[in-house]
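Participant: The following block contains a protein sequence and its predicted model.
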Amino acid sequence: MQRKKIVAGNWKMNTDLNEAIVLVNSIKQQATKYKDVEKVIFPPYLFLTELSEILDGEANFATGAQNCSEHSKGAFTGEVSANMIASVGCAYVLVGHSERRTYFNESNNQLIAKINQALENNLKVVFCFGEQLAERKSNLHFETVKQQLEEVLQHFPKEKLNDLVLAYEPVWAIGTGETATPQQAQEMHAYVRKVLSGIFGAEVANQLSVLYGGSCNAQNAKELFACPDVDGGLIGGASLKADDFCKIIDSF
């Protein structure tokens with residue numbers, strides 16, 4: 001079975017509502033010709049309803065939330081539940097992004113709970129993982145990634161993995177201008193499949209889409225996406241420019 005090609009745009013805390021509408025309409029207009037690529041937009045929470053309506057019915061387009069609560073409902077001021085996200089037309093949610101792990105100290109137990117909440121509400125999960133610069137320099141990057149994958153994913157039966165996408169984030173290459181070389185990206189993505197094979201078996205490992213999420217842009221996407229184990233990208237800054245984002249989509 002051929003793995004799904006996915007290009008996802010994580011807008012982080014950027015755009016106001018008018019800017020978001022203009023940007024998503026421009027992406028929709030330019031990117032409809034890339035029929036075999038799943039295109040996912042992760043805008044700020046506040047704009048999910050409007051953007052989901054704009055993309056409703058567009059083939060291979062979806063919206064997603066940048067995070068969700070580990071709780072289903074209750075007295076958790078400021079939190080947003082997976083049920084709320086699904087109710088406005090979203091199909092995806094990001095879990096475990098490096099900025100959430102770093103700035104908000106999200107633990108593996110929280111990530112497990114968040115994935116459970118997402119799956120229970122029929123959301124697809126983009127699960128992020130990756131090493132810091134110190135871990136890369138200390139040659140601990142493989143050990144770090146293995147631990148992050150095993151400690152979270154072993155809690156889920158392989159039947160649930162149809163709704164899971166993985167995103168490898170070399171944290172040292174996010175927002176720094178640094179990018180893993182295609183050789184480094186392929187080496188880690190192949191290693192990820194080896195770890196997944198150890199948890200779930202080779203068949204499952206070869207079916208899961210694994211995205212690259214470290215400063216992928218319009219200039220380097222083609223070379224990165226040519227790697228046999230790289231199935232697309234989780235795009236940060238470049239997703240805020242419609243032309244660049246669409247060039248990335250066109251890089252397969």
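Facilitator: Sure thing, it's come through.

Participant: helices or strands up against the helix or strand hosting A86?
Facilitator: Counting by DSSP states H and E, the element that carries A86 is helix 82-87. Helix 82-87 is packed against helix 108-120, with contacts defined by 3 or more Cβ pairs under 8 Å, 6 or more residues apart in numbering; DSSP states H and E. For glycine as for every other residue, the C-beta is placed from the backbone atoms N, C-alpha and C.

Participant: G233: neighbour count?
Facilitator: 30 (other Cβ atoms under 10 Å).

Participant: correction: R100
Facilitator: Residues lying near R100 (other Cβ under 10 Å) number 18.

Participant: That one is in contact with S69, isn't it?
Facilitator: No - using Cβ atoms under 8 Å as the test, R100 is too far from S69 to be in contact (12.0 Å).

Participant: buried set for stretch 16-36?
Facilitator: The neighbour-count check on stretch 16-36 (16 or more other Cβ atoms under 10 Å) flags A20, I21, L23, V24, I27, K28, Q30, A31, Y34 as buried.

Participant: Any chance of TSV for those, columns distance to K137?
Facilitator: Shown next, in TSV, are these (distance: Cβ to Cβ, whole Å):
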residue	distance to K137
A20	38
I21	43
L23	36
V24	39
I27	37
K28	42
Q30	39
A31	38
Y34	37
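
Participant: among those, which are in helices?
Facilitator: Within these, residues falling in helices by DSSP state H are A20, I21, L23, V24, I27, K28, Q30, A31.

Participant: with those in mind, which one is nearest to I174?
Facilitator: Looking at those and their distance to I174, the nearest is L23, at 20.7 Å (Cβ to Cβ).
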